[in-house]
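1. structure here, sequence nowhere to be found:
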RNA sequence: GCCGCCGUAGCUCAGUCGGUAGAGCACACCCAUGGUAAGGGUGGGGUCAGCGGUUCAAAUCCGCUCGGCGGCUCCA
């Protein structure tokens, strides 16, 4: 397709939001307009409305939009001195826009631009399409609440979301993508594959079924083995620790609202929301020599965070989870090298789980809440950048999104259908070594402050499994399958033969199950496929006589007849 | 937490205008003994999320609580 003939998506989508606002104003002349930007795939517009929207309003508004679009309205731009603009917006009672202009004025703007489409006029920087006839594929998707200017102290507006594309075909593709995403929903797959469940009694905490627990343990085992190879030592610290510790670490002050507390004998304890303070206690017990550094302490710690009820989402956002946490204490000179190792380690692990594409971001010093001076921050940020350069990696920057105690690398993976997920993190910490007075003895015989790195590769095993399920659509890699092969006797008469084969495969380390139900062969194959069992082995007269296996591979209808020995070679 | 929507059998869902519940799958039993994505029959299974209210009568209307979903805010 000729690129020039296509309108830049952002322009198109932002223009669609103006039409949405026009339609909403037709329906509610007193509506106050918030903002209406373009977003991925579409746009939204925020409104303050005289009544609450109901889902049935959406098609009505969409119809009005289509009507406007058909009129081939022009987008006309004009500029005004900012004072004139204020007057106009006051007169039209667009209070929210008045606030926006006041902000622009404070920033020193003297002129602002408006766009006029039919009778609709909106304060807007643009750019826009020239005419509504370019809006060929627009669809409203959902309604939600949203805080004005993202501030939860302020009243909520009603936000209408929509999508817009250059062509009907692209809209169809988007709809197909949505269907594909829904099919891969890890919450559904978790239920269908009998991996985990959630119950009213423990919102935000998973119940692991045998098949799910197997996957979970395999992931943990994998990381344990890798840690061992890469010079980590594993530790474990208590789950419930005195509030004193959390006050010392700063978590009490920053995250008290999101912690679970319990009182005992007039002493307050908290369930740990993270592992580091406990880890620091352990490190502080002895005063290591610089010769011992770096010290790499890994901990598969179960942590609890009292997340707000509205943010819980399957395994992706939970209140109880296990991190593949590690804390590395090193000298400033070792920092860069350690970061290099962590990046390599992280990307190696992602590849092992079948994630081929990833993106890295450096999150820098937050504007508001941050400790430590700029020089220290810059040094740490440089160390992160240098490590990336050494590995010839590209990275993006997330300005101001670092932790309050230091900059970090965020690892994102791209899944099979192109969605991005944030998983691992590598954070430099200036805070805890100070607060816990961590030291090592340097070459000079003096105490020195170690640099502390927090790193999690998997992140949380819960979240990682969610992403892996969405990525693979449930076709988990063999090493995570609790049942790699399932024997399906053609009839009950062959159950004995099937059990014999199962025993043999099991003895060779192939995790094998058998379907002894009275279901028909077809039904048993269907069930095996639905459970995403990698290999289905049908056993009947043929197999009993020849001693061979008829193998049906997951997702493939074609079967293969091979000897047991050959089959075992797959593993 | 906030805005909106939702909660009916183990699962997926139907249930009109208020008149105390249905289907398919799953499960149990029986028949059938099958060659690669649902063989047939019979049967059991529900305080309609919970509590309160309105009503002669509530799955249905109202309120509260709990939980889920879509967003917002948050994410050490």
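-> Ah, there it is. For clarity, every value in this text was computed on a predicted model and none was experimentally measured. Numbering: from 1, shown residues only, chains lettered A, B, ... in the order given.
2. tell me where the stretch 1-150 of chain A has strands.
-> For the stretch 1-150 of chain A, the strands defined by DSSP state E, counting those that start in this stretch cover A:32-33, A:38-39, A:42-48, A:75-81, A:111-117, A:120-123, A:137-147.
3. wait, which of those strands is closest to RNA strand B?
-> strand A:137-147 (2.7 Å; Cβ to the nearest atom of the strand). Placement of C-beta: from N, CA and C, glycine included.
4. elements contacting the closest one?
-> Packing partners of strand A:137-147 (3 or more Cβ pairs under 8 Å, 6 or more residues apart in numbering; DSSP states H and E): helix A:9-27, helix A:57-70, strand A:156-165, helix A:168-183.
5. please redo it, this time with the cut-off set to 6 Å
-> strand A:156-165 (3 or more Cβ pairs under 6 Å, 6 or more residues apart in numbering; DSSP states H and E).
6. just want the angle from the strand it packs on to strand A:42-48.
-> In terms of direction (axes from the mean of the first three to the mean of the last three Cα atoms, to 10 degrees), strand A:156-165 departs from strand A:42-48 by 160 degrees.
7. okay, now the sheet partners of strand A:156-165, with direction.
-> Strands adjacent to strand A:156-165 in the sheet, as given by DSSP bridges, are strand A:42-48 (antiparallel), strand A:137-147 (antiparallel).
8. the nearest residue to residue A:408 once chain neighbours are set aside: which element?
-> Once flanking residues are discounted, residue A:408 sits nearest to residue A:427: 3.9 Å by Cβ to Cβ, 6 or more residues apart in numbering. Assigned by DSSP states H and E, residue A:427 belongs to strand A:420-429.
9. wondering if that strand reaches RNA strand B at all.
-> Yes. Residues of strand A:420-429 contacting RNA strand B under Cβ under 7 Å from any atom of the strand: residue A:427.
10. what comes up buried for that strand?
-> Buried residues in strand A:420-429, counted by 16 or more other Cβ atoms under 10 Å: A:421, A:423, A:424, A:425, A:426, A:427, A:428, A:429.
11. contacting residues around the first one?
-> So the one you mean is residue A:421. Applying Cβ atoms under 6 Å, 6 or more residues apart in numbering to residue A:421 gives the contacts A:413, A:467.
12. partner residues bridging it?
-> Here residue A:421 sits in beta bridges with residue A:413, as judged by DSSP bridges.
13. residue A:330 and RNA strand B, how far apart?
-> From residue A:330 over to RNA strand B the distance is 19 Å, taken as Cβ to the nearest atom of the strand, to the nearest Å.
14. give me phi/psi at the closest residue in space to that residue that isn't next to it in sequence?
-> Leaving out its chain neighbours, the residue that sits closest to residue A:330 by Cβ to Cβ, 6+ apart is residue A:294, at 3.7 Å. Dihedral pair for residue A:294: phi -80, psi 140, per degrees, to the nearest 10.
15. can you report how many residues lie near residue A:294?
-> As a burial measure, residue A:294 scores 17 neighbours (other Cβ atoms under 10 Å).
16. which non-adjacent residue is nearest residue A:387?
-> What sits nearest to residue A:387 in space, not counting adjacent residues and going by Cβ to Cβ, 6+ apart, is residue A:339, at 3.8 Å.
17. would you mind giving the secondary structure of the closest residue to RNA strand B within the stretch 201-350 of chain A?
-> Nearest residue of the stretch 201-350 of chain A to RNA strand B, counting by Cβ to the nearest atom of the strand: residue A:310, 2.1 Å away. At residue A:310 the chain is in helix, as set by DSSP: H, G, I helix; E, B strand; the rest coil.
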